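S.K.: From the sequence below, what's the structure:
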Amino acid sequence: MDNEHLDEIRNLQSHVLRLKQEIENISEKTRKLQVKKIEELLVLEETTLKNRFRVVILILTSCIIITSLVIILNYFFFLEAIWICILSGILGSSVSALISALQRKANGWEFKNGLKYPNDSPKDKFSIRMSSFFMTRPILGILSGFIIYYGFQVIGVFQIHSEGLKEASLIFWSILAGLFAKSMIEKLKDVFKNLVGA
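M.R.: Residues are numbered from 1 along each chain as shown. Here you go, the predicted structure:
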């Protein structure tokens with residue numbers, strides 16, 4: 001009886017070893033296929049990804065430089081407070097998008113079919129789909145500027161007029177709102193849902 005149990009255990013152990021070897025073989029084949037597929041995708045899509053990355057960097061850097069210059073030179077332009085808020089919001093949002101784009105590029109590429117290079121982690125990588133979001137991200141800064149300008153008027157933190165304008169405060173809060181525009185909009189949506197009970 002004991003010998004029968006021992007034989008059965010040995011048979012099961014050898015079966016487990018065979019299955020383990022088969023799994024290893026399949027995993028190796030899958031890995032090789034994936035490497036081959038990634039190499040093909042690199043040839044097909046890497047140039048497009050690099051070009052799109054350059055366009056994103058050019059647009060965001062231009063937004064940062066232009067808005068910074070206008071804000072700094074506002075002593076000559078004498079723009080109204082609302083425009084200062086909008087430009088500062090664009091500046092903050094563009095900086096945030098630029099940091100995010102650079103971070104994703106440092107992590108690698110994500111191809112159109114979802115495969116990632118050089119590895120799956122970290123998860124966030126630069127892709128064509130995300131590049132469109134980065135290029136339109138300064139628009140969130142415009143919304144942030146409006147929110148700060150009208151929000152401060154409604155709350156009454158300070159009066160926005162030619163005599164009592166605290167321009168430095170407006171610039172500070174608008175840049176901050178632009179940096180966190182995505183999060184701020186999500187929070188405002190939650191607040192609105194709570195107010196109307198949706």
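
S.K.: And Ile155, how far from Ser131?
M.R.: Computed as C-beta to C-beta, to the nearest Å, the Ile155 to Ser131 distance reads 37 Å. For the C-beta atoms, the positions are set from N, CA and C on the backbone; glycine is no exception.

S.K.: More neighbours: the two, which one.
M.R.: Between Ile155 and Ser131, counted using other C-beta atoms under 10 Å, Ser131 has the larger neighbour count: 20 against 8.

S.K.: That one and Val55 touch, don't they?
M.R.: Yes: taking contacts as C-beta atoms under 8 Å, Ser131 lies within contact range of Val55: 7.4 Å.

S.K.: This structure: helices as residue ranges?
M.R.: Using DSSP state H, the helices of the chain run over residues 2-72, 74-77, 81-107, 128-155, 167-179, 181-196.

S.K.: Format the ones you listed as CSV; extra columns: distance to Leu115 and mean pLDDT.
M.R.: Listed next are those as CSV, based on distance: least, C-beta to C-beta, whole Å; pLDDT from 0 to 100:
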stretch, distance to Leu115, mean pLDDT
helix 2-72, 6, 81
helix 74-77, 47, 78
helix 81-107, 14, 94
helix 128-155, 13, 88
helix 167-179, 32, 87
helix 181-196, 26, 78
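
S.K.: Reformat the ones you listed into a markdown table and put distance to Pro122 next to each item.
M.R.: Listed next are the helices of the chain as a markdown table, based on distance: least, C-beta to C-beta, whole Å:
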| stretch | distance to Pro122 |
| --- | --- |
| helix 2-72 | 17 |
| helix 74-77 | 40 |
| helix 81-107 | 5 |
| helix 128-155 | 14 |
| helix 167-179 | 22 |
| helix 181-196 | 19 |
